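# build the 3D model from these lines:
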Amino acid sequence: MTKFTRYYRCLTTLLLMLLAATAKGQSTGKPGLEYYDSVEISLITCSPHEEIYSLYGHTALRYNDWHTKRDLVMNWGVFNIDEPYFIPRFVLGMTDYMLGAIPMKYFCAYYRKWGSEVSEQVLNLTTVEKARIAYAIAENLLPQNVTYRYNIFYDNCSTRPRDIVERNLEGRVIWAERPGFEPSFREMTREMTAHHDWATMGNDLLLGVKADLRTTRQEQEFLPCNLQYDFDHAQVYANGEYRPLVRERRTLVPAGVQMVKKDFPLSPTDCGIILLLIGLGLFLVEWKRRRCFVWFDALLMLPMGIAGCLLLVMLFSQHPTTSTNLQILLLHPLHLIFLPAVVRRRKTRYWNVMVTLTLLFCLGGIWQHYAEGTAFLALSLLLRYWSHLHND
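Below you'll find the model as predicted:
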């Protein structure tokens, strides 16, 4: 990340500040809790903007000390895209993120530039709870703890702030029920990428059967907007009394005008229909000439085989929701293996194997929602099978 140096400097400052407060309490034989009378801790939620990595929004914790004028945002979403093999590692679920700190004014300026709303939920904490959270942050900032293995659904920049707050309360959090609200991971990601067809298609291509299961309240909080809602409606039960988890809600940066980036003008469905129509036209010509155009077979098999290699790798990814993906029945490396034989018009079992797997793919749609456009791709392949059956 380009501002990593600034993050690290602020991080070190906060760490020394918190450790100094601890040392002060220890030297006087008291817990040093009076230090936190001037501290305010808040959950920060940022609405999405048009960068692909920000389509889901963002969550952070604000540590605001009125006495020392230190106003910092604790951000568990820091990563370095220049690290070697960042993209392959991200795909395989082997990406390490880290906790960083940035002055609040810089944080707000960044989201103001993108037109994102930044809202704050001031937490209704006791002095002891503020101290516990501060010490937990300080411990998280230690070199051996500052990085963590990122997972988009189960361990991300939204779940980390939630966990550090919940674990350091004196009581327990009573979360409000949301009757009937049990969306799957796929449904939630589709909602966030609704205006970006190709991003939705890419997500759906990589996500497997497990992404279509119903989710719990805790799993839903991988999205900042869901965590914000749950914090607003949560109560803390301690010493026989209830109190709201959120004391006050503020808007730090109002929503601005966002420049919507134009996607490719054709949707995946549009491209699928065009491909199917081209295939149908060629099929009629082939039927008349009693000859198959192997160049069109290659045009289909090559990208499908490459996509199949990616899906095969994803079966071994550390992302739990990609391990069982029935789309590999349609997109598989066998397309590449049989490609030379098909192009050279050799006798091959490819078409028999392909039609069997494609029919199983269609059957698998009962259990898994497929990426947009794949149905037309399956029909195009079946049409090629019929052409070879008739003309070879």
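
# what bits of this structure have low per-residue confidence?
Applying pLDDT under 70 to the chain flags the ranges 1-32, 81-82, 392.

# domain ranges for the protein?
Domain ranges of the chain: 4-253, 268-391, per automatic domain parsing.

# need those domains in CSV with distance to M259, can you?
C-beta: built from backbone N, CA, C; applies to glycine. As requested, those are exported to CSV (distance: least, C-beta to C-beta, whole Å):
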stretch, distance to M259
domain 4-253, 7
domain 268-391, 24
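
# could you dump the ones you listed to JSON lines with mean neighbour count?
Shown next, in JSON lines, are those (neighbours: other C-beta atoms under 10 Å):
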{"stretch": "domain 4-253", "mean neighbour count": "17"}
{"stretch": "domain 268-391", "mean neighbour count": "17"}
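
# and K262, which of those is closest to it?
Nearest to K262, of all those, is domain 4-253, at 10.2 Å by C-beta to C-beta.

# chain center to that closest one: distance?
On the basis of C-alpha atoms, centre = their mean, to the nearest Å, domain 4-253 sits 14 Å off its chain's mean C-alpha point.

# so I44 belongs to a helix, correct?
No. Applying DSSP: H, G, I helix; E, B strand; the rest coil, one finds I44 to be strand, outside a helix.

# OK, contacts around it?
T59, A60, L61, R62, V73, F107, V118, S119, E120, L252 (C-beta atoms under 8 Å, 6 or more residues apart in numbering).

# from P244, how far off is L125?
As judged by C-beta to C-beta, to the nearest Å, L125 and P244 stand 11 Å apart.

# got any residues that touch both of those two?
Here L125 and P244 share no contacting residue, scored by C-beta under 8 Å, 6+ apart.

# can I get the contacts of I44 in JSON lines with secondary structure?
Listed next are these as JSON lines, based on three-state DSSP:
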{"residue": "T59", "secondary structure": "strand"}
{"residue": "A60", "secondary structure": "strand"}
{"residue": "L61", "secondary structure": "strand"}
{"residue": "R62", "secondary structure": "strand"}
{"residue": "V73", "secondary structure": "strand"}
{"residue": "F107", "secondary structure": "helix"}
{"residue": "V118", "secondary structure": "strand"}
{"residue": "S119", "secondary structure": "strand"}
{"residue": "E120", "secondary structure": "strand"}
{"residue": "L252", "secondary structure": "strand"}
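
# from those residues, which single one is nearest V209?
Nearest to V209, judged by C-beta to C-beta, of the contacts of I44 is T59 at 27.9 Å.

# pretty sure the closest one is touching P224, no?
Yes. Between T59 and P224 a contact is recorded at 4.2 Å, counting by C-beta atoms under 8 Å.

# report the central residue of the protein.
The structure's the chain has its C-alpha centroid closest to I152; by C-alpha atoms, centre = their mean the separation is 4.0 Å.

# which strands and helices sit next to the helix or strand hosting T356?
For T356, the element it lies in under DSSP states H and E is helix 350-364. In terms of contacts (3 or more C-beta pairs under 8 Å, 6 or more residues apart in numbering; DSSP states H and E), helix 350-364 is packed against helix 334-343, helix 374-391.
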